[in-house]
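Student: Compute the structure for the input listed below.
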Amino acid sequence: MEWFSVHLEARAPGAAPHVLAEGAAADRLMDLLAGYDGIVSAGAGAWDATISIQATGPRKAAWQGAELIAAHAARAGMPQWPAVRLEVVRQDILDAENARPTLPELVSGPEAAEILGVSPQRLHELAAGHAGFPEPMYELRTGKLWLRDAIEAFAMRWERKPGRPRKRAAATG
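Tutor: Numbering: from 1, shown residues only. From the prediction side, this is the model:
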């Protein structure tokens, strides 16, 4: 037996997309599913529930979970709308997915300079004048933020030349 997370989403028929599931019914369903670590949400034209159950495999978990949620939803007075989504995930896989960051890793100017092995001043020169330098993701009052992956990719393809970069001659006119 393994633990699975089962998520079922029900939606109102096409003729009633703005009908709301009663809040009290959603609360009752939440109470009924408490023994399964249940989570319920309801809104305009849809409601969904997620539970954790033990089963011998994903198909068995899907069948048992869907039946359990539907039976408790009927007891709670939830609208008997058709199920439009049923998702089953082994709990250890879901835990690993949830542990991963959802935002890309960002670096500030000093961190980007460190990755590139240059001074912060040289980083600003590269950012201002090198055509292949990545654009910042964000510009804050405290400075720019770049995607770490973009800075690391630039570092891999950047052809560094030894010595100090030449100063550009001032235009005379």
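
Student: Neighbours of D48, how many?
Tutor: A count of nearby residues for D48, using other CB atoms under 10 Å, gives 20. Backbone N, C-alpha and C define where each C-beta goes, glycine included.

Student: I meant to write L86 there.
Tutor: 14.

Student: likewise the one 10 residues further on?
Tutor: A96 sits with 10 neighbouring residues when counted by other CB under 10 Å.

Student: quick one, what contacts it?
Tutor: Contacts for A96 (CB atoms under 8 Å, 6 or more residues apart in numbering) come out as none.

Student: Distance-wise, check it relative to R90.
Tutor: 10 Å (CB to CB, to the nearest Å).

Student: Quick one, grab the pLDDT at the spatially most central residue of the chain.
Tutor: Geometric centre of the chain, nearest residue: T102, 4.2 Å, by CA atoms, centre = their mean. With respect to pLDDT, T102 scores 83.

Student: For S5, see how far away it is.
Tutor: From T102 to S5 the distance is 17 Å (CB to CB).

Student: Next: A55.
Tutor: 11 Å.
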